[in-house]
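Engineer: Quick one, structure for this:
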Amino acid sequence: MDQPAPVRKGALRGWLLKGLQRSDHGGGAPPHEQTPEHQHSWWQVMCLTGVDYFSTLGYQPGIAALAAGALSPIATLILVALTLFGALPTYRAVAKESPHGLGSLSMLERLLPGWPGKLLVLFLLGFVATAFIVTITLSAADATAHILHNPFVPAFAADWQVPVTLLLIGGLGAVFLAGFSEAISIAVVLVAIYLVFNVVVVVTAVQHVLAEPDKVGDWQNLLAADYASPIAMIAVSLYVMPKLALGLSGFETGVAVMPLVKGELAERVKGARKLLTTAALIMSVFLITSSFATTVLIPAEEFAEGGKANGRALAYLAHQYLGDWFGTAYDLSTIAILWFAGASALAGLLNIVPRYLPRYGMAPDWSRAARPMVLVFTAISFLITLFFGAQVEAQGGAYATGVLALILSAVVAVTLSAWTAGRRRAAGFFGVVTLIFGYATVANIIERPDGLVIALLFVLAIVSTSLISRATRSTELRVTHITLDDLARQYVNQCGEIRLIANEPHSRDHTEYVDKAREAWELHRLRTGEGLLFLEVTVPDASEFAGELRVTGEERHGFRILRMQSPTVANAIAALLLYLRDQTDKTPHVYFHWAAEGNPIGALLRYLVFGGGDIPPLTREVLRQAEPDAGRRPVVHVG
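Structural biologist: I've put the predicted structure just below:
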């Protein structure tokens, strides 16, 4: 009767960790570069991007009207120009340089190696989380608005904005917990239906605009009364344009789903560029026509909070000009794609975050599994929804901040990449684009600082938990694969007892090795004639967490040496000792001298940051954790 509980616990753990991608890939392609099992045509993958990108039509015209008023069409034109001549060329370049779907973050990581690159990625992951989490919460909130404003919904449900939004987010999380294998097929159907409905609504609205020229005249008169000249209109439109940045939300998702495009890397890049260009052109047409039609046909007061067009401008026109039955059908298609936009964002989070943090050692190993991360992201989405009261407009600042920060980082990465490659004209062009998006980002932050606050909270949470995780996991074995070259293997096979003298390489001249051999005799009574091997570890990049260990043999000044490179000295030595034990059935011995005297806290920090520190006790601790049986554990000697 005592056994069922452990069985249930084990079954629950197995269910949660199903599909866990282990880091010990045995020297094959790293998990973040592996090809997905199922790939699709570029236009099908575009629909997965489109459920995020195209779904912004559900709320973008209304947000543009609130931000720019009568200038909404002009501000939207500027946004479209920035889309086609700024964001699109940028992400076409990102697609070429990051074909595995890691996006601009991987480019910056390569351009800034070591800890600066890692910390920058952690910082930007906070904005990734902001953009994608708020995509989930904002899309669910707007889907709720379409539900509650439908004329067939009872009036008493008008105040159910928060509970309905939470229900939609919870349902999204439940779908991913169950396993979401048909995302592409569902996305194709939803996008096709949604775009057809929007074509009908927009064409009908434009026909009414053409049939009612007096409304166009009223709009023109309003502009003439409020603004002295076209230059003033453009200036004000540029000022408010950052508030319309939600219309740029699909590009980061577009490169994140690149691995799903069918074909080898070259075909994948070509397909990704096609999907980015096609999606941008489709969205640009809809943004221009919808902003003009909604501004001219809908009274300004209806866009305000509580108005019938708030967060649902095109749905307002669908009900007004095509009847409540068609309007309800349009609402259903909008609700479906907005809800699925959250699925696209959640899929993006599950694709990006586990590819970075576990690789840095800055997240538990279970974060590579989808289901635990679904629970984490769903809980965060609940908190954000409660914080903003499920209001669409209230979340616009946080969403725009995340989107603009990601695009800005992408433009900076592309600019630096072009400059380092010697392509000065391309670097100059992208440098100008960088200035434009830099202005948009700063202007948005100044106008709506709450978005920056939310993003910085995400950054703080990610950085703090990542560094804590890195510290707590620092004594893991952290080696994915070990190989010995022929000479190193020969040295090991020639040994009777495996005795390794740890040496920190400096000048590597004759004097250094003679002094080290004398020290081995003085401290440990070891003679060079006893088959001793010197062991040297160098640290090329201490910011890396795990990697393959390649051991090379070398004879220098009459001494036999095993050399290897690793992010940390202690972990590499421990991994090699365990490997030699398993390969030779002998107990290896490693010999150290006590490190220089100093504060142990300082030694610990040197270990965490630079991979060195007080190596002898750290090596022993790594061995202790990796091998609980003291009788089988390699022996560490310190003199």
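Engineer: Tell me where the stretch 51-200 of the chain is predicted with low confidence.
Structural biologist: Low-confidence regions of the stretch 51-200 of the chain, defined by pLDDT under 70, span residues 180-182.
Engineer: where along it do the helices fall?
Structural biologist: Remark: helices assigned in the stretch 51-200 of the chain by DSSP state H, counting those that start in this stretch are 60-68, 72-82, 88-97, 103-111, 115-148, 161-178, 183-211.
Engineer: mind checking which of the ones you listed is nearest Gly558?
Structural biologist: Of all the helices of the stretch 51-200 of the chain, helix 115-148 sits nearest to Gly558, with 38.5 Å by C-beta to C-beta. Where C-beta positions appear, they are placed from N, C-alpha and C, glycine not excepted.
Engineer: Show me what counts as buried in that closest one.
Structural biologist: Of the residues in helix 115-148, those with enough neighbours to count as buried (16 or more other C-beta atoms under 10 Å) are 117-118, 120-148.
Engineer: That helix - contacts with which helices or strands?
Structural biologist: In terms of contacts (3 or more C-beta pairs under 8 Å, 6 or more residues apart in numbering; DSSP states H and E), helix 115-148 is packed against helix 103-111, helix 161-178, helix 313-356, helix 370-388, helix 392-420, helix 449-472.
Engineer: Can you tell me which helices and strands the fourth one packs against?
Structural biologist: So that's helix 370-388. helix 4-16, helix 115-148, helix 161-178, helix 313-356, helix 392-420.
Engineer: Could you tell me which residues make contact with Ser139?
Structural biologist: By C-beta atoms under 8 Å, 6 or more residues apart in numbering, the residues touching Ser139 are Ser55, Gly58, Leu338, Trp339, Ala341, Gly342, Ala345.
Engineer: Determine which two of those are furthest apart.
Structural biologist: Using C-beta to C-beta, the pair of the contacts of Ser139 lying farthest apart is Gly58 and Ala345, separated by 14.4 Å.
Engineer: Which residue ranges of the stretch 451-600 of the chain form helices?
Structural biologist: According to DSSP H, counting those that start in this stretch, the helices that the stretch 451-600 of the chain contains are 486-494, 510-524, 569-584, 600-610.
Engineer: and of these, who's closest to Leu223?
Structural biologist: Of all the helices of the stretch 451-600 of the chain, helix 600-610 comes closest under C-beta to C-beta, at 58.4 Å.
Engineer: Check which element follows the closest one along the chain.
Structural biologist: In the C-terminal direction, the helix or strand that comes right after helix 600-610 (DSSP states H and E) is helix 615-626.
Engineer: That following helix packs against which elements?
Structural biologist: The elements that helix 615-626 packs onto, with contact taken as 3+ C-beta pairs under 8 Å, 6+ apart, are helix 569-584, strand 589-592, strand 635-638.
Engineer: Asp226: which of these is closest?
Structural biologist: Distances from Asp226 to each of the helices and strands packed on helix 615-626 were compared using C-beta to C-beta; the minimum, 66.4 Å, belongs to helix 569-584.
Engineer: average pLDDT for that closest one?
Structural biologist: For helix 569-584, mean pLDDT is 91.
Engineer: For it, which helices and strands make contact with it?
Structural biologist: Using 3+ C-beta pairs under 8 Å, 6+ apart, the elements in contact with helix 569-584 are strand 479-484, helix 486-494, strand 499-502, strand 533-538, strand 547-556, strand 559-565, helix 615-626.
Engineer: Could you list the low-confidence segments of the stretch 451-600 of the chain?
Structural biologist: Across the stretch 451-600 of the chain, the stretches falling below the confidence threshold (pLDDT under 70) are 528-531, 595-600.
Engineer: switch to 90 and redo it
Structural biologist: 451-481, 491-534, 539-548, 556-559, 566-568, 570, 591-600 (pLDDT under 90).
Engineer: again with the stretch 301-450 of the chain
Structural biologist: 301-312, 331, 334-376, 387-406, 421, 440-450.
Engineer: Kindly recompute the last result at 50.
Structural biologist: Within the stretch 301-450 of the chain, no stretch falls below the threshold (pLDDT under 50).
Engineer: As CSV, the helices and strands packed on helix 569-584 with distance to Ile380 and mean neighbour count would be great.
Structural biologist: Formatted as CSV, the entries for the helices and strands packed on helix 569-584 read as follows, by distance: least, C-beta to C-beta, whole Å; neighbours: other C-beta atoms under 10 Å:
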stretch, distance to Ile380, mean neighbour count
strand 479-484, 30, 18
helix 486-494, 48, 15
strand 499-502, 45, 23
strand 533-538, 40, 20
strand 547-556, 31, 17
strand 559-565, 38, 20
helix 615-626, 31, 20
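Engineer: before we move on, the earlier item: can I get the helices and strands packed on helix 370-388 in a markdown table including distance to Leu460?
Structural biologist: Written out in a markdown table, the entries for these read as follows (distance: least, C-beta to C-beta, whole Å):
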| stretch | distance to Leu460 |
| --- | --- |
| helix 4-16 | 27 |
| helix 115-148 | 8 |
| helix 161-178 | 23 |
| helix 313-356 | 16 |
| helix 392-420 | 15 |
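Engineer: looking at those helices, which is closest to Thr619?
Structural biologist: The closest approach between Thr619 and any of the helices and strands packed on helix 370-388, judged by C-beta to C-beta, belongs to helix 115-148 at 22.9 Å.
Engineer: The closest one to helix 600-610, inter-axis angle?
Structural biologist: Using axes from the mean of the first three to the mean of the last three C-alpha atoms, to 10 degrees, one finds that helix 115-148 and helix 600-610 are set 70 degrees apart in direction.
Engineer: quick revisit: just the helices of the stretch 51-200 of the chain: most buried one?
Structural biologist: Among the helices of the stretch 51-200 of the chain, helix 60-68 has the highest mean neighbour count (mean count of other C-beta atoms under 10 Å), at a mean of 27.
Engineer: Understood, closing this out.
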